[in-house]
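**Student:** Have a look at this prediction, sequence included:
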Amino acid sequence: MNEVEIIKEVNCDWEELEELENYIDFVLSYEKLDHVLFNVILVDDAYIHKINLEYRGMNRPTDVITFALEDEKSVQAKDIRVLGDIYISVDRVVEQAKEYGHSRKRELFFLVTHGIYHLLGYDHMTKEEEKIMFEKQEKVLNEYGITRK
């Protein structure tokens, strides 16, 4: 059994959040993951800006930041994989959906997917890594029926 908590640190009563848990279950099933634990934390630009500055030295907001805990020996458990936290700026979700010309739902689900793959150890620091990670993201989004337009 997976344990995923969606935490709203901001006022955001979006209808897409009602489906988000089902989507996360789909991603975890798609990746054949069971017994994982992580949080999705919805914040605003100011909150994520502070995190971005403190932990990455970048003085600006960003769309998603992940804190992968699985490598930390102190948080490992025998019967569950403690993956970590995914922080998502709802302000960036709205702005990027407009910028890319797709729905807020598509942008939110993309960022959650992106965060999950980071928690699983995927990255996009090189072109090769980026190709692998972004292909996985697009494939799972498409399988669920979330397309760019």
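**Tutor:** Everything's here; your move. Residues are numbered from 1 along each chain as shown.

**Student:** Using PDB, write out every CA atom in the helix or strand hosting residue 118.
**Tutor:** Using DSSP states H and E, residue 118 sits in helix 104-119. Once non-C-alpha atoms are left out, helix 104-119 reads as follows in PDB (Å, rounded to 0.1, in the frame of the first residue of the first chain):
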ATOM      1  CA  ARG A 104      -3.900  23.800 -15.600                       C
ATOM      2  CA  LYS A 105      -4.600  20.100 -15.000                       C
ATOM      3  CA  ARG A 106      -2.000  19.100 -17.600                       C
ATOM      4  CA  GLU A 107       0.600  21.400 -16.000                       C
ATOM      5  CA  LEU A 108      -0.100  20.300 -12.500                       C
ATOM      6  CA  PHE A 109       0.000  16.600 -13.400                       C
ATOM      7  CA  PHE A 110       3.200  17.100 -15.400                       C
ATOM      8  CA  LEU A 111       4.900  18.700 -12.500                       C
ATOM      9  CA  VAL A 112       3.800  16.000 -10.100                       C
ATOM     10  CA  THR A 113       5.100  13.400 -12.600                       C
ATOM     11  CA  HIS A 114       8.300  15.300 -12.900                       C
ATOM     12  CA  GLY A 115       8.700  15.300  -9.100                       C
ATOM     13  CA  ILE A 116       7.900  11.600  -8.800                       C
ATOM     14  CA  TYR A 117      10.600  10.700 -11.300                       C
ATOM     15  CA  HIS A 118      13.100  12.900  -9.500                       C
ATOM     16  CA  LEU A 119      12.200  11.100  -6.200                       C
END
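
**Student:** Quick one: residues in contact with it.
**Tutor:** 14, 16, 19-20, 23-24, 27-28, 31, 38, 40, 63-64, 66, 68, 70, 83-84, 86, 88, 92-94, 96-97, 100, 133, 136-137, 140-141, 144, 146-148 (C-beta atoms under 8 Å, 6 or more residues apart in numbering). Heads up, the C-betas are built off the backbone N, CA and C, glycines and all.

**Student:** Give me the distance from the following helix or strand past it to the chain's centre.
**Tutor:** Downstream of helix 104-119, the next assigned helix or strand under DSSP H and E is helix 127-144. Its chain's C-alpha centre and that of helix 127-144 lie 13 Å apart, by C-alpha atoms, centre = their mean, to the nearest Å.

**Student:** and helix 127-144, which residues are buried?
**Tutor:** For helix 127-144, the neighbour count (16 or more other C-beta atoms under 10 Å) marks 133, 136-137, 140-141, 144 as buried.
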